[in-house]
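Participant: Provided below are the primary sequence and the corresponding predicted coordinates.
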Amino acid sequence: MQQPTHDQWYRSPIPSEELKLLHRRSDVQAWCRMIGHLTALVISGAAFWFCTLEHRWIPACIILLWHGMVFSFLGYAGACHELSHGTVFRSRRLNQFWLNLLSFLVWTNQSWFVRSHRLHHRHTLQSGLDCEVPTTHCLTARQLVLRGVLDPRRLWRTVRTQWLNARGVFPRVACTHVLPEHDLAGRLEVQSTARVILGGHAALLAVFLLTGSWQLVLLISLASFIGNGPSILLASAQHCGRSTATLDFRDNSRTVLLPAWLSFFYWNMNYHVEHHMYPGVPCYRLPALRTLLADDLPAATVGVTGVLEEFRRDQTRSC
């Protein structure tokens, strides 16, 4: 298949002046979203700490699951995804600072992701070209349960991948698509970032254990592997069960209408058709973008229950 160019993808038409307004970045909205997200984590973390001091283990576990869910949306199913586009803050330095910090916290190599995600947008679901979505099969209920509460297997894979990258070893797909052999500067950057992630988390773990603050191991070091069912579900919903033989984002992506609080933590990535059509529009303007394009867009999936129903239909078709 001939590789599609930027101009070949269908995008719902929008007047240039209105699109220009939608591309405006707002530091006020960016800071409100960032501070709001982090404040929610401070509150849940403090509540968990208090419960452990009082030996109230059942509410502590419930709060930890909530904390992990909110924490996981700092990653590439939320905050880091938007920061990687450089559209959140007006300042390039602020976008990069928060991308580096949050990527570190969720154990993800931003030097790798930025390169991989660029290909994902350029070749969405194109076979052999989009390395970010390895399958369009939706997750099963068993996978959601096993991975959504506590995910030690993903922790192991993540640490192993960072360890390999830190040694300059990359998966075969990286060599051919994301990090070709001739991209020596890119490989060194990914390698250096992996070393920072491993060394930084090792240092944090030592400090937490030596000071007796074991709660911080769960609240920071391991948080992105706890209670991340909603982020996994919604990340899969972006493209699973959608068409691969298309150059129309309305066919290969999915928009989901969510409660305001969940859309907030998800950084509006539930407006995924709109995001792929116009990735330069900041996340806080995606609802307005959908309103403008509504007449040319398919009906959105409604709520988490709607997502689960589409997952069920996908599983039925696969049988």
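Facilitator: Looks like it came in fine. Computed from a prediction, not measured in an experiment: that's the story for all the values here.

Participant: what pLDDT, on average, does the strand or helix carrying residue 104 get?
Facilitator: Under the criterion of DSSP states H and E, residue 104 resides in helix 92-105. For helix 92-105, the mean pLDDT works out to 97.

Participant: ok, residues contacting that helix?
Facilitator: 27, 30, 34, 71, 74-75, 79-80, 83-84, 86-89, 109-110, 113, 196-197, 200-201, 220, 223-224 (C-beta atoms under 8 Å, 6 or more residues apart in numbering). To be clear about C-beta, it is placed using only N, CA and C from the backbone, and glycine gets the same treatment.

Participant: Of all the residues in that helix, which ones are buried?
Facilitator: 94, 95, 98, 99, 100, 102, 103, 104, 105 (16 or more other C-beta atoms under 10 Å).

Participant: helix or strand right after it?
Facilitator: Next along the chain after helix 92-105, taking DSSP H and E as the criterion, comes helix 110-122.

Participant: Show me how far whichever helix or strand comes after that following helix is from its chain's centre.
Facilitator: Using DSSP H and E, the helix or strand that directly follows helix 110-122 along the chain is helix 141-148. Centroid displacement of helix 141-148 relative to its chain, using C-alpha atoms, centre = their mean, to the nearest Å, is 18 Å.

Participant: And the next helix or strand after helix 141-148, what's buried?
Facilitator: With elements assigned by DSSP H and E, the helix or strand that comes after helix 141-148 is helix 152-166. Within helix 152-166, the residues scored as buried using 16+ other C-beta under 10 Å are 155, 158, 161, 162, 165, 166.

Participant: shouldn't the fifth one be in contact with residue 196?
Facilitator: No: the pair residue 165 / residue 196 is not scored as a contact, 10.9 Å apart, by C-beta atoms under 8 Å.

Participant: picking that back up, give me the buried entries from the contacts of helix 92-105.
Facilitator: By neighbour count, with 16+ other C-beta under 10 Å, the contacts of helix 92-105 hold 30, 34, 71, 74-75, 79-80, 83-84, 86-89, 109-110, 113, 196-197, 201, 220, 223-224 as buried.

Participant: What about those residues, which are in helices?
Facilitator: 30, 34, 71, 79, 80, 83, 84, 110, 113, 196, 197, 201 (DSSP state H).

Participant: First-to-last residue distance for stretch 51-62?
Facilitator: Stretch 51-62 has an end-to-end distance of 10 Å (C-alpha to C-alpha, to the nearest Å).

Participant: likewise stretch 145-161?
Facilitator: 24 Å.

Participant: starting at the chain centroid, how far to that stretch?
Facilitator: Distance, centroid of stretch 145-161 to centroid of chain: 15 Å (C-alpha atoms, centre = their mean).

Participant: now do stretch 158-175
Facilitator: The answer for stretch 158-175 is 20 Å, by C-alpha atoms, centre = their mean.

Participant: Per-residue pLDDT of residue 173, please?
Facilitator: In this prediction, residue 173 has a pLDDT value of 64.

Participant: now residue 135
Facilitator: 74.

Participant: Quick one: residues contacting it.
Facilitator: residue 240.

Participant: backbone phi and psi for it, please?
Facilitator: phi -150, psi 150 (degrees, to the nearest 10).

Participant: Any figure for the gap between it and residue 149?
Facilitator: 22 Å (C-beta to C-beta, to the nearest Å).

Participant: re the thing from before, possible to save the buried residues of helix 152-166 as a markdown table with pLDDT?
Facilitator: Formatted as a markdown table, the buried residues of helix 152-166 follow (pLDDT from 0 to 100):
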| residue | pLDDT |
| --- | --- |
| 155 | 93 |
| 158 | 94 |
| 161 | 94 |
| 162 | 95 |
| 165 | 94 |
| 166 | 96 |
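
Participant: Can you tell me which of these is nearest residue 125?
Facilitator: Residue 125 lies nearest to residue 161 out of these, by C-beta to C-beta, at 23.0 Å.

Participant: tell me the contacts of that closest one?
Facilitator: Applying C-beta under 8 Å, 6+ apart to residue 161 gives the contacts residue 171.

Participant: Quick check: it vs residue 13, distance?
Facilitator: In this view, residue 161 and residue 13 are 41 Å apart by C-beta to C-beta.
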